[in-house]
Structure formats: C-alpha cells, structure tokens
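[1] output the structure for:
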Amino acid sequence: MGMNDLPGWMPEFCRDRLGSEPVELLFEFRRISVVFGLRLAGGAEVVIKARTAGPRIAACVAAQAALADAGFPCPRPLTGAIEIGWLVVHAEEHQPGGDLLRGESPEAAVRCAEVYAALMAGLRRIDVEPPLPNPRWARWDHTDSGVWPDIGYFDKRDQRSIPGYVLDTAIRVRRRLLASGLPPVLGHADFAAQNLRWRGPDLWVVHDWDSLAWQPEAALAGAASGAFASAGPPTLAPVDSSAAFLDTYQRRRGRVFTAEELEVAWAASLWTAAHNARWETMHGSVPLSGIALLDQGAERLRRANA
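    As a prediction, this is how the structure comes out:
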C-alpha cells in the first residue's frame, strides 16, 4: 500500500486537524481498527486510527489523553475521536521503538503486573463516560440471548465445531462473573505482551487504548493475568504465572482482594481464553488458547469456584 492508496478522507483530516498533509506512509495494519503511520510535511510522524463508529471510542481517547498528560507512558492523542462517515477517527503521537517482553514465567508476570497496577491506579483518577459496550473478547457482561456476545457475521458460521469443553467453560465462568456484585471501574482489557514495549528493565510504552473496558477491577486484573504473555496469537499464561501476577498486582495496589474478588479474577482469565479458543476453531487457527484451556481449565475453574 502506498500514498495513492490512502483513504480519500485522510489528506483533509490531516490538513484540518493536524495542520499538515501526509507525505509518506510509514506503516499500515488492520485488526479491529485500521492503523496508519504517517510522516507529515514538515517531518512530524503521527498515527491515525480508524474504526467503525461507536459510542465507546470517545471515552477511550479521552482517558488515553488524560493518562498521557499525567505522565503515563502511552502515545498522546493529537485529536479527539472524530466521526467521518461510518468511521470514528483519531490521531496520536507516533511512539516507536522498544522491545517485546517475551516469556510466560512468574518473573515476567511480576514485571507486567507492576505496570498493570500503575496503569489501573492512573485510570482510577480519570473521569470519563464508561466505554461501553466492552470489547467483544471481554464482553462476558453482554445482554444478548446466548452465551457469547453477538458478533454479526461470526455468529452465522456453524458453531457445532466448537469443542464442548470450551462452551462448558464459557457457561460456567460467565455464570460466576455475573453472580458477583462488584462495582465496575475503568481498565485496560487487552493487556498482552504485544501491546507493551520495554527498554531494558523499564517500560517504554503501552499501546491499544481502544481496548478500555468498564468492569470490576478483579475481573480486569484476572483477564490481564491470563493474557499478559501473549506476544503474538493469544494464549493463556501458566497458572503459577497468573498467580504471581495477581499477587503482585494486589501488593502494588496496596490492598488484598477478597475471596470473591479472587474467584472473579480466575473466572475472568478463563472467559478470555474461551473466547479466543472459539475464535481459533471458527477460523481454523492453531489452537493455542484451546490447548491451554484444556490443560489448565480444571484448576482455574476450581480457583474460580465455578
């Protein structure tokens, strides 16, 4: 893809919102959102993110801006969330560099949990509208008719190939999560290694602020304890590493989870893995989450009291 292939709205967006036209495409990739790295006339490098319009994005961008202003290492938004046709778009600073932290050991879990605790402490001081609905892989609290949240085209596929243990896990952990009366807070719901960069022992930047959620703190920390080691296709960290993550998180936050919160944390770690295992099955992917769920599901369900 080159400059001639940029969306038609991009030059005007850059002129009007950033004061300069794009002159070079640095990178482009597509996931749930489409992300463009651009060099503008004058040399500034920016990142433009576009995704299907929805009410949650404005709150995510506002929270990201507040965290950046407070000194947390995340890219600083250069615009708010702006609707362009059926898209919502924003620009942020390009913050390249840093290294992935690869590994799923308890030692890696401790490093990541320290970051997550600082991140969550920062978000507790920010007042934005809840970014609802929550991201689809974390949306155990949906109000749709089935076990899984409705995902348009995906739900039209034959679901009978999903392993029985994946569906059973999803049913049991969702029931446990919905039974809790814990209050929701703002948190990062895609705290995976691929969204963090390090310089030596020090955190350099946390990415993917579209993935904020409004859920109980224990559920958010629990999901992070299972996902932190995913440096590529998502999988599930070992049980002892998730335990080290949760222990470190509580210590850094300065409070001990109640018995109910610990159960919710372990249940939330399984919901994300079950969602990913379902996704793998539907797409014919290597079943990384599916295998990890099969290996660890019984112990995590026991800890979740599910």
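
[2] quick one: the residue sitting furthest away from the middle of the chain from residue 93, how far?
    The outermost residue of the chain relative to its centre, with distances by C-alpha atoms, centre = their mean, is residue 42 at 33.2 Å. Distance, residue 42 to residue 93, by C-beta to C-beta, to the nearest Å: 15 Å. Using the backbone N, CA and C atoms, a C-beta is placed for each residue, glycine as well.

[3] got a list of what the residue lying closest to residue 236 once chain neighbours are set aside touches?
    Spatial nearest neighbour of residue 236, excluding adjacent residues (C-beta to C-beta, 6 or more residues apart in numbering): residue 292 at 3.8 Å. With contact set as C-beta atoms under 8 Å, 6 or more residues apart in numbering, residue 292 has these partners: 235-236, 273.

[4] need phi/psi at residue 292.
    phi -60, psi -40 (degrees, to the nearest 10).

[5] so how far is residue 277 from it?
    8 Å.

[6] likewise residue 263?
    Counting by C-beta to C-beta, the gap from residue 263 to residue 277 is 21 Å.

[7] more neighbours: the two, which one.
    residue 277 (31 against 23; other C-beta atoms under 10 Å).

[8] could you check the pLDDT of the residue lying closest to residue 25 once chain neighbours are set aside?
    Nearest non-adjacent residue to residue 25, counting by C-beta to C-beta, 6+ apart: residue 3, 5.6 Å away. With respect to pLDDT, residue 3 has a value of 75.

[9] wait, residue 3 sits on residue 21?
    No - contact criterion C-beta atoms under 8 Å: residue 3 and residue 21 do not qualify, at 10.1 Å.

[10] now do the strands in the stretch 51-200 of the chain.
    Ranges of strands in the stretch 51-200 of the chain, per DSSP state E, counting those that start in this stretch, are 82-84, 87-93, 184-188, 196-199.

[11] could you pick out the longest helix of this protein?
    helix 259-283 (DSSP state H).

[12] what packs against that one?
    helix 164-179, strand 212-216, helix 217-227, helix 239-253, helix 288-304 (3 or more C-beta pairs under 8 Å, 6 or more residues apart in numbering; DSSP states H and E).

[13] what residues of it count as buried?
    260-282 (16 or more other C-beta atoms under 10 Å).

[14] now stretch 293-306
    Quick answer for stretch 293-306 (16+ other C-beta under 10 Å): 293, 296-297, 300-301, 303-304, 306.

[15] what do you get for stretch 52-61?
    56-61.

[16] restricted to helices, list these.
    Those of the buried residues of stretch 52-61 mapping onto helices are 57-61, per DSSP H.

[17] closest one to residue 241 out of these, please.
    residue 60 (27.9 Å; C-beta to C-beta).

[18] list the contacts for the closest one?
    Counting by C-beta under 8 Å, 6+ apart, residue 60 makes contact with 81, 131, 209-212.

[19] farthest-separated two in those residues?
    Taking C-beta to C-beta, no two of these sit farther apart than 81 and 211, at 14.4 Å.

[20] just to revisit the earlier point, can you list the buried residues of stretch 293-306 in TSV and add pLDDT and distance to residue 77?
    Output for these, formatted as TSV (pLDDT from 0 to 100; distance: C-beta to C-beta, whole Å):
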residue	pLDDT	distance to residue 77
293	97	36
296	98	37
297	97	39
300	98	36
301	98	40
303	98	38
304	98	36
306	97	38
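
[21] which two of these have the greatest separation?
    The largest separation in the buried residues of stretch 293-306, counting by C-beta to C-beta, is between 293 and 303 at 14.3 Å.

[22] which one of the buried residues of stretch 52-61 is nearest residue 8?
    Among the buried residues of stretch 52-61, and counting by C-beta to C-beta, the member closest to residue 8 is residue 57, at 21.0 Å.

[23] residue contacts, the closest one?
    Going by C-beta under 8 Å, 6+ apart, the list of residues near residue 57 reads 51, 81, 88, 90, 131, 210.

[24] repeat for residue 81
    57-58, 60-61, 88-90.

[25] residue 216 now?
    180, 182-185, 261, 264.

[26] now, of these, which are buried?
    Buried residues within those, counting neighbours by 16+ other C-beta under 10 Å: 180, 184-185, 261, 264.

[27] ok, the residues you listed vs residue 169, which is closest?
    Ranked by distance to residue 169 (C-beta to C-beta), the buried ones among the contacts of residue 216 are led by residue 264 at 15.2 Å.

[28] as a check, name the ranges of all helices in the stretch 51-200 of the chain.
    For the stretch 51-200 of the chain, helices defined by DSSP state H, counting those that start in this stretch occupy the ranges 57-69, 106-124, 152-155, 164-179.
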